[in-house]
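Predicted coordinates and the sequence they were generated for:
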Amino acid sequence: MHFTSTFRASASAASSRSPYTSLVVSPEPVEGSNHEQDGSSFDSPALSKRSSFYRLRPSGEQKRQTRHTATCFVVAGAVAIAVVGAARPQYGGTLRVETQAIVRTLDPVTATNAAAASASRNRLRPLVFETLVAVDPARGLQPLLARSWEGDARGTRWRFHLRSGVVLHDGSVLEPWQVATALRTSGNAWTVATDGDVIVIEPSNPQPALPWELADDRHAVVVRRSPAELVGTGPFRIERLEAGRLSLRAHDGYWSGRPFVDAVRVEMGRGLAAQLTDLELGRADFVEAQPADARRLAQRGLQVAGSLPLDLFVLVFEARRATPSGAAIRHLLTTALDRRAMCEVLLQGRAEPAEALLPAWISGYASVFVTPGVQRPSQSAVTAVPAEQRALTLRVDPSDPLARSIAERIAVDAREAGLTVTVQVPAGLAPLPDLRLLRVKLEATSPNRALTRAMAALGSRAMALATTEPPLAADAPLDAVLRLERAVLEASVVIPVLRAPELYGLGERVETWDGRAVSPTGALNLASLWIRTAPPDTGPRR
């Protein structure tokens, strides 16, 4: 059975580089896939020969070796084993993590108004609670607790086949009815039932993109033994969560293999400068970092890990500057920005210029917004604008040092073009600004969902000033997504600047088993980290 979603890209509108533009669920396994299930995959040219789905196998001729060559390989192999053995992954030890935000709960259904705490919680939560499906930016939707799924053409009935033998943190086996109960708790207008090891979901309205919805952490499977006891299936279980500290223990029965470390200790409420100092002095193993810190860490021989560029920095004009009479100054500021210099110099090459809200790896069409080179505004265009309009006040979040650095660079670019931008970092009440620099967390999901959530993060007032276009439907095709984004950016009320990754510094004793400490979507891959020469943890295991 094949089901194709409505996210197929139009040839005239979008590039095929994004794996988020079409979805095929197929029961046939994909050769070379490392999944044991029915091979949910994206029917996209993005799955080219560069993809890990394609494996090269040696020919018979390559396998035939002379006895002399074989002997050489035996000798070389013995040497290699001796070398590799020194770096063989070890089990044990406690990984020390530090974060700036304070997370008070990992419960997926508990909302928080603090953006930083919400983002930090979203990075930590997959360590404990897992969803039925997950997002891979290179391959789209991938199985997690569900090994396969299928739905009808209209998206009115979905069937998710659960992975067998998944063990909960308390040692019991995950049952289908527990998954169904967790999905009902997540607050959607769905009818959720079980059919053997299959979860059957019938939305109140057709949802062709329901699997994308289920990839959201809000729909993680949580078994609630009591209001205070939340049990999950992830690689770690919660041992203690108290003010400013989270303690996790390795889940010995994890279905994908036990983590290398025995425990993770997360110290919260640590400033970025304090985190960096702790890492350099050996008091921490895994800390948050800024792009400007990357060179300093590299010079000290420390590793830097990061996600895809998920943090979108965008300028948004206030209402009094968003009128038709202010179109000229908005356009001048847009053309004055040297985005590439910001990325290469200020952020040391760890960012990408943004002239669209969505990156190409989500939408596939970002290149249609790119203007070649930096087109500085002409002197005549600048002098044509009244002098009082050429002065702007730009407000930034005082708690965001990276945003402040970007704002100061924007002021430099504006000054070189003949404009005056004053950066405002208010500690309390301050005069109304002309525009703001906002940081928006992009989500790795389908284009219509990603754009809808980015626009929500920018605020309804800003969107009302930018465009009169209606919001996207839940099953909006890619053409509609492109049309709405063009409308949002057309009047230059909203001006994308750049996208930066989420970066982390790793301590000297930390190694990674699969080469990635942070997933492309920003989740912390702490289960793959191991501690070199760590003494074994003698504490009891469950």
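Cool, got the structure. Residues are numbered from 1 along each chain as shown.

in the stretch 201-350 of the chain, which spans are strands?
Shown for the stretch 201-350 of the chain, the strands assigned by DSSP state E, counting those that start in this stretch span residues 223-226, 229-231, 236-242, 245-250, 263-267, 286-289, 303-317.

mind checking which of the ones you listed is nearest Asp278?
Of all these, it is strand 286-289 that lies closest to Asp278, at 6.6 Å by C-beta to C-beta. Placement of C-beta: from N, CA and C, glycine included.

and that closest one, what other elements does it pack with?
strand 94-98, helix 272-280, strand 494-506 (3 or more C-beta pairs under 8 Å, 6 or more residues apart in numbering; DSSP states H and E).

partner strands of it, parallel or antiparallel?
strand 94-98 (parallel), strand 494-506 (antiparallel) (DSSP bridges).

export those to JSON lines and tack on mean pLDDT?
Output for the strands paired with strand 286-289, formatted as JSON lines (pLDDT from 0 to 100):
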{"stretch": "strand 94-98", "mean pLDDT": "98"}
{"stretch": "strand 494-506", "mean pLDDT": "96"}
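
which stretch among these comes nearest Ala384?
Among the strands paired with strand 286-289, the nearest to Ala384 by C-beta to C-beta is strand 494-506 (20.0 Å).

Name the next helix or strand downstream of that closest one, please.
Reading on from strand 494-506 to the C-terminus, the next helix or strand found by DSSP states H and E is strand 510-512.

most packed of the strands of the stretch 201-350 of the chain?
Greatest average neighbour count among those goes to strand 286-289 (a mean of 25), per mean count of other C-beta atoms under 10 Å.

Send me that strand as CSV with only the CA atoms.
What follows is strand 286-289, C-alpha atoms only, in CSV (Å, rounded to 0.1, in the frame of the first residue of the first chain):
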residue,chain,number,x,y,z
PHE,A,286,28.8,19.5,27.6
VAL,A,287,27.9,23.2,27.5
GLU,A,288,26.0,25.6,25.4
ALA,A,289,28.2,27.8,23.1
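
Let me see the mean pLDDT of that strand.
The average pLDDT for strand 286-289 rounds to 97.

just for the stretch 401-542 of the chain, where's the confidence low?
Applying pLDDT under 70 to the stretch 401-542 of the chain flags the ranges 534-542.

same thing but at 80, please
The stretch 401-542 of the chain contains residues with pLDDT under 80 at 514-515, 533-542.

same deal with the chain?
For the chain, the ranges with pLDDT under 80 are 1-87, 111-113, 187-188, 370-379, 514-515, 533-542.

Show me it divided up by domain.
90-129+236-285+507-537, 130-231, 308-501 (automatic domain parsing).

First-to-last residue distance for the last one?
Across its full length, domain 308-501 reaches 5 Å end to end, with C-alpha to C-alpha, to the nearest Å as the criterion.

go on, the shortest one?
Length of domain 130-231, first residue to last, C-alpha to C-alpha: 11 Å.

now it, how far from the centre of its chain.
20 Å (C-alpha atoms, centre = their mean, to the nearest Å).

re the thing from before, which one of the helices and strands packed on strand 286-289 lies closest to Leu174?
strand 94-98 (25.7 Å).

Pull the residues that contact that closest one.
With contacts defined as C-beta atoms under 8 Å, 6 or more residues apart in numbering, strand 94-98 is touched by 261-268, 270, 274-275, 278, 283-288, 507, 510, 524, 526, 529, 531, 537.

hmm, back to that, can I get the strands of the stretch 201-350 of the chain in CSV including distance to Leu132?
CSV is the format used below for the strands of the stretch 201-350 of the chain (distance: least, C-beta to C-beta, whole Å):
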stretch, distance to Leu132
strand 223-226, 14
strand 229-231, 17
strand 236-242, 19
strand 245-250, 22
strand 263-267, 24
strand 286-289, 28
strand 303-317, 22
